[in-house]
Each structure stands twice: as structure tokens, then as C-alpha cells.
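Visitor: okay, structure incoming, though there's no sequence with it:
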């Protein structure tokens, strides 16, 4: 008789790992189909009426556009950077892009419609040669933007992607828009198969956080119930069973309980029969805070937002500063800027450069440089300067030691200080002593004189 080998852990005695007796083997994950309107409506309701859900969606979107960006040519701002920023301000850039990212995070996609003055219809490709100006930008979520026709030219960069969309306006009317007039935010990363099922849109942040958010809200509801039942009265009636067996016994018991509660509420005195008993039980709240904190941590982990931001609470624990949490949060914001905003900004800037009324002449190789999301406080700046000063003091002490040992010449130390551009040295003494001096040309390059 052959012996049957099994992989995994199976215990036939207690039923562990067997499908017929282990309830864990019957547990499976059931995902939500976001393209079903009921779930979009659920996410919309959460965003509108639940403060935490709205903050999970809005906080990263607002933070990503808050500090702004500048256009760089190498290390320097381009000459027309201020002009570009003025145009973007007139177009309400921050509000538009923040809203677009909100819909991208909430519904798995959104689009910015560019109202372009190029003499063409919305359903026609942009005529960049006739483009005069950008009139405005309007934001739509994935519910109101549906692909109508796809690009079927293999030589086109947009092969297989939508080339025309149907957009539903605020009043419910629909119109067709060419893809070149839209800035598409396509949601989170999902498989190609799932993206096809979702009409071209991607993942929603709410898919990741909804379960944790529901558990967090439910935990607070149960905690509130525990507070309401912090003190529970227990009344023992003599002959209760016989009383309930009569036709009107239940109502009599209910009436007696009401009279006891009323008397205790009015006079803080309880009147009972000789054989009756009354006791007050106190419910302990020990451990409830720990459970709530665990649900809070789970929600923060699912949303990728630290508690210091999501709940506005101070870091907990000994020596906790929250710096690592904020660093991780800002790293997440930078990923949003690089992956979501930057491609759309380049497309928008290209169209602005084509507009005849703006008279822009952007460099071919300019870059978009996002401003720092976090700036150190005055105290932190002072501490940094102190650390740098201590490091320089140690370097100076080491150099003095080398000079005293004869390993270095004082002029070599002076030359090193001059190379660092930290001190303005009087080199006239060096010239008198015949020490080679490095002079700078007009371009800042140094050569020995």
C-alpha cells in the first residue's frame, strides 16, 4: 500500500487544516467591484460625511500641491519662471490639481478638461499651431468620464488607449472630448485585466482603507456603549418565575423596574420587598484604550498616513519625536508628485509654451523642481549649525596637531581653507613669501599664478 504524502500542516485529530472541520479553511477574501455604481456611491458618501475618510483622501492631495514648484534650467530658475507661475495662478492650478488627485484617490481616476482656445471642437485633437491661450481647467471624476473610442494605430504612442472620451457635465448633459484635451489621472496600480473591468480606471485608496476604517468606527461605537453601561443594576425579585408565568406578569415586572429606576433617579432611594435584592455592578474599562489604539494604528498603516497627521495627536512613547513618521509621510507625498503630478505638469507646460498669447520660450531641457515639503524650525537650524561648527572645530584641532608634528605645512592648511571657499584669505602675504597662489578667472576657475 502506497503511503500518501501531504504538504502543509494537517491534524486529523483536531481537524486543523482539514476543509471539513477547520473553519479557517472556508475563509476566503471577497474583493469589491469598483466599477459597480453602488461602491462608487458608498465611497462618495464616506468622503462627504466621514471626516476621517475625507482626510485620508484630501490631506495627501493638498500637501502635494501646497509648496508648489519651480522650473529649472540646470541649477538655476529659468527666466520665465515667474511668468509661468502667474499663468498657473490665473488657472487656479493648485485647486484644480488637488481636486483631480482627490478623485484619483477616491474613485480610482479623474480627468482635467483643458478649455483651449485653438479654434477647434472639443471632440477634435488639439491644434497646437493655432493655440492662443488656455481659458480654464475643469475637473471630473471617473464616474463622469467614460472611454468612447480607442486608438487602433500600432505606430501611435497611445495605441490601445482611449482617444475619445464621453464626459458628463455638472447638469447631466454629455459631450465627447478628444484625449489630447484631457489630463488623465488613472488611479492606483492594478492588473491590466482588472483595469479593463473598471473601464480603464485604476485602484482607489478607499479599497485599501475601508475595512480598517469600518473597524475603527465600530470600535468607537462599542466603546461608547461600554461607557453607557459603566454601571449596571441587578435586581432579584422574589417569585419572578411565577410572576412571568401569569398573563400580565411581564408587564408587571417591567413596571416594577421602571418604578425602581424612577425612585433612584428622583430620590436616590430604592424601595424593595423583603425578599427582593438590588445590586449595582461596575463595568471595568481596562484594555479598551489599548484596543482602540491598535485599530488606529491599523488604519494609519492602511492609509499610509501617520497618526500625527491623520489624528493630529502628538507622538507617543519615550523619546518619541514623530520625525520618522513625518519623513515616511513626506516620502509618500514625493512619490505622488513624481508619478502623478509631474507627467501632467509637463503636458500642461508644453501646451502653455504653444500658446501665442503667453509668448513663452521654455528651454528644451528644463525640469520641474518641487519645493521642499518640510523646512526645519529655527531651533533645528541652530542645532544643525552647532553640529557643523563642532565638526569644523575638530578638523581645525586635527590640522593643528598635524602642523605641530610637521606632517603639514601651515601654508598647506591655508591653501585648503582657501579651496573650501569658506574664508576670505589675504593672499598678499603668500605672494611675498613666494607661495603659489591660485587665481580665479572670469568663469570662477582657479589656476596657479
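Guide: Now that the structure is in, tell me what you want to look at. Since the structure is predicted, the reported quantities are computational estimates derived from the model, not experimental observations.
Visitor: what's the local residue count around residue 134?
Guide: 22 (other C-beta atoms under 10 Å). Just so you know, the C-beta spots here come from the backbone N, C-alpha and C atoms, and that holds for glycine as well.
Visitor: do residue 198 as well
Guide: A count of neighbours around residue 198, defined by other C-beta under 10 Å, yields 21.
Visitor: repeat that for the one 3 residues further on.
Guide: Taking other C-beta under 10 Å as the neighbour definition, residue 201 ends up with a count of 28.
Visitor: if I look at it, how far off is residue 150?
Guide: Residue 201 sits at a distance of 15 Å from residue 150 (criterion: C-beta to C-beta, to the nearest Å).
Visitor: and what of residue 384?
Guide: For residue 384 relative to residue 150 (C-beta to C-beta), the value is 54 Å.
Visitor: the two: which is more packed in?
Guide: residue 150 (14 against 11).
Visitor: low-confidence bits of the stretch 251-400 of the chain, can you list those?
Guide: In the predicted model, the stretch 251-400 of the chain carries pLDDT under 70 at residues 263-276, 278-283, 314-322, 375-378, 380.
Visitor: helices of that one, start to end?
Guide: Here the stretch 251-400 of the chain has its helices, by DSSP state H, counting those that start in this stretch, at 288-303, 307-310, 323-336, 342-354, 378-405.
Visitor: the inter-axis angle of the following helix or strand past the last one versus helix 378-405?
Guide: For helix 378-405, the succeeding helix or strand toward the C-terminus, using DSSP states H and E, is helix 410-419. Using axes from the mean of the first three to the mean of the last three C-alpha atoms, to 10 degrees, one finds that helix 410-419 and helix 378-405 are set 160 degrees apart in direction.
Visitor: which residues in the protein form strands?
Guide: Per DSSP state E, the chain carries strands over the ranges 69-73, 76-77, 110-117, 133-141, 145-150, 162-168, 174-178, 182-185, 231-236, 277-282, 367-370, 438-440, 446-448.
Visitor: can you list the strands that the fifth one pairs with?
Guide: Pointing back at strand 145-150 there. Partner strands for strand 145-150, per DSSP bridges, with pairing direction: strand 162-168 (antiparallel).
Visitor: report the buried residues of the partner strand.
Guide: 162, 163, 164, 165, 166, 167 (16 or more other C-beta atoms under 10 Å).
Visitor: how about low-confidence regions in the stretch 101-250 of the chain?
Guide: The low-confidence ranges in the stretch 101-250 of the chain, as defined by pLDDT under 70, are 228-233.
Visitor: can you map out the helices along the stretch 101-250 of the chain?
Guide: Using DSSP H, counting those that start in this stretch, the helices assigned to the stretch 101-250 of the chain run over residues 192-197, 205-228, 240-245, 249-267.
Visitor: what does stretch 297-314 contact?
Guide: Defining contact as C-beta atoms under 8 Å, 6 or more residues apart in numbering, one finds that stretch 297-314 is touched by 52, 55-56, 59-60, 205, 208-209, 211-213, 215-216, 296, 315, 322, 325-326, 328-329, 332.
Visitor: hang on, residue 148 packs against residue 164?
Guide: Yes - Residue 148 is within contact range of residue 164, at 4.6 Å (criterion: C-beta atoms under 8 Å).
Visitor: closest one of the buried residues of strand 162-168 to residue 129?
Guide: The shortest gap between residue 129 and any of the buried residues of strand 162-168 belongs to residue 163, at 19.9 Å (C-beta to C-beta).
Visitor: spit out the contact partners of that closest one.
Guide: Applying C-beta under 8 Å, 6+ apart, we find residue 163 in contact with 149, 150, 151, 178, 179.
Visitor: now with 6 Å, please.
Guide: Residue 163 makes contact with 149, 151, 179 under the criterion C-beta atoms under 6 Å, 6 or more residues apart in numbering.
Visitor: got a pLDDT number for the residue nearest to the spatial centre of the chain?
Guide: Nearest to the mean C-alpha position of the chain, counting by C-alpha atoms, centre = their mean, stands residue 60 at 3.8 Å. Per-residue pLDDT puts residue 60 at 95.
Visitor: how far away is it from residue 305?
Guide: Distance from residue 60 to residue 305, by C-beta to C-beta: 7 Å.
Visitor: what's the answer for residue 374, then?
Guide: Taken as C-beta to C-beta, the span from residue 374 to residue 305 is 15 Å.
Visitor: so those two - more neighbours on which side?
Guide: Counted by other C-beta under 10 Å, residue 374 and residue 305 do not tie: residue 305 has more neighbours, with 23 against 12.
Visitor: how many neighbours does residue 287 have?
Guide: Residue 287: 8 surrounding residues under other C-beta under 10 Å.
Visitor: quick check on it: phi, psi?
Guide: Main-chain torsions, residue 287, degrees, to the nearest 10: phi 90, psi -20.
Visitor: which of the contacts of stretch 297-314 count as buried?
Guide: Among the contacts of stretch 297-314, those classed as buried by 16+ other C-beta under 10 Å are 52, 55-56, 59-60, 205, 208-209, 212-213, 216, 296, 322, 325-326, 329, 332.
Visitor: list the buried residues in stretch 333-342.
Guide: Buried, per 16+ other C-beta under 10 Å, within stretch 333-342: 333, 336, 337, 340, 341.
Visitor: list the residues that contact the third one.
Guide: Residues near residue 337 by C-beta under 6 Å, 6+ apart: 64, 370.
Visitor: try it again at 10 Å.
Guide: Applying C-beta atoms under 10 Å, 6 or more residues apart in numbering, we find residue 337 in contact with 63, 64, 65, 67, 69, 101, 345, 368, 370, 373.
Visitor: any of those residues buried? List them.
Guide: Among those, the ones that count as buried by 16+ other C-beta under 10 Å are 63, 64, 65, 69, 101, 345, 368, 370, 373.
Visitor: what's the nearest residue to residue 145 if we skip its chain neighbours?
Guide: Once flanking residues are discounted, residue 145 sits nearest to residue 111: 4.7 Å by C-beta to C-beta, 6 or more residues apart in numbering.
Visitor: surely the one you found and residue 166 touch.
Guide: No - counting by C-beta atoms under 10 Å, residue 111 sits too far from residue 166 to count as a contact (11.3 Å).
Visitor: shared neighbours of those two, anything?
Guide: 144, 145, 177.
Visitor: closest to residue 185 out of those residues?
Guide: Closest to residue 185 out of these is residue 145 (10.0 Å), distances taken as C-beta to C-beta.
Visitor: just checking, the closest one touches residue 110?
Guide: Yes - counting by C-beta under 10 Å, residue 110 is a contact partner of residue 145 at 7.4 Å.
Visitor: so how far is stretch 157-177 from its chain's centroid?
Guide: Centre-to-centre, stretch 157-177 and its host chain are 28 Å apart (C-alpha atoms, centre = their mean, to the nearest Å).
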